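Undergrad: sharing a sequence plus its predicted fold:
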Amino acid sequence: MAEKTTKKSETEKEKADDNIIFVGQKPPMSYVLAVITQFNGNGSNGVILKARGRAISTAVDTAEIVRNRFMKDAKLKDIKIGTESVTNEEGRETNVSSIEISLSVDKKK
């Protein structure tokens, strides 16, 4: 029985990982499309946008475009901010700001 519970938790973790969108250097509309696809295509009711450093403003823009233009019923579930320590090729350690924006939609039809 223990194997069944571990398999279930693994699939739940994989599904949770599918709901994460890592924001980088692309334009915000690329990530907006990814968020909308995640909500509509996969039947998910929650998406997490993750970004670090300069990409934070793109993640915020993406969340606001989704909420205000495309999915008016999308709600901000949670926002987490923090600092991550990153080591470069030379071994120098720097701190980088990070953000996680959780969006959710009630699927009542």
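TA: Received, thanks. Numbers count the residues shown, from 1 in each chain.
Undergrad: ok, Thr87 touching Glu93?
TA: Yes. Between Thr87 and Glu93 there is a contact at 5.0 Å, judged by C-beta atoms under 8 Å. Every C-beta, even on glycine, is put in place using the N, C-alpha and C of the backbone.
Undergrad: could I get the pLDDT score of Thr6?
TA: Among the per-residue scores, Thr6 holds a pLDDT of 44.
Undergrad: how about stretch 47-58: buried residues?
TA: By 16 or more other C-beta atoms under 10 Å, the buried positions in stretch 47-58 come out as Val47, Ile48, Leu49, Lys50, Ala51, Arg52, Ala55, Ile56, Thr58.
Undergrad: what about those, which are in helices?
TA: Judged by DSSP state H, the buried residues of stretch 47-58 include Ile56, Thr58 as members of helices.
Undergrad: farthest-apart pair in the buried residues of stretch 47-58, please.
TA: Using C-beta to C-beta, the two most remote members of the buried residues of stretch 47-58 are Val47 and Arg52, lying 17.7 Å apart.
Undergrad: mind checking the SS state of Phe39?
TA: With DSSP: H, G, I helix; E, B strand; the rest coil as the basis, the three-state label of Phe39 is helix.
Undergrad: list the contacts of it.
TA: Asn45, Val47, Met71, Ala74, Val105 (C-beta atoms under 8 Å, 6 or more residues apart in numbering).
Undergrad: determine which two of these are furthest apart.
TA: Going by C-beta to C-beta, the pair spanning the contacts of Phe39 furthest: Asn45 and Met71, at 11.5 Å.
Undergrad: common neighbours of these two, please.
TA: Common neighbours of Asn45 and Met71, using C-beta under 8 Å, 6+ apart, are Phe39, Val105.
Undergrad: and these two? which has more neighbours close in?
TA: Neighbours per residue (other C-beta atoms under 10 Å) separate Asn45 from Met71, with Met71 holding more: 17 against 13.
Undergrad: so how far is Glu84 from the more buried one?
TA: From Met71 across to Glu84, the span is 29 Å (C-beta to C-beta, to the nearest Å).
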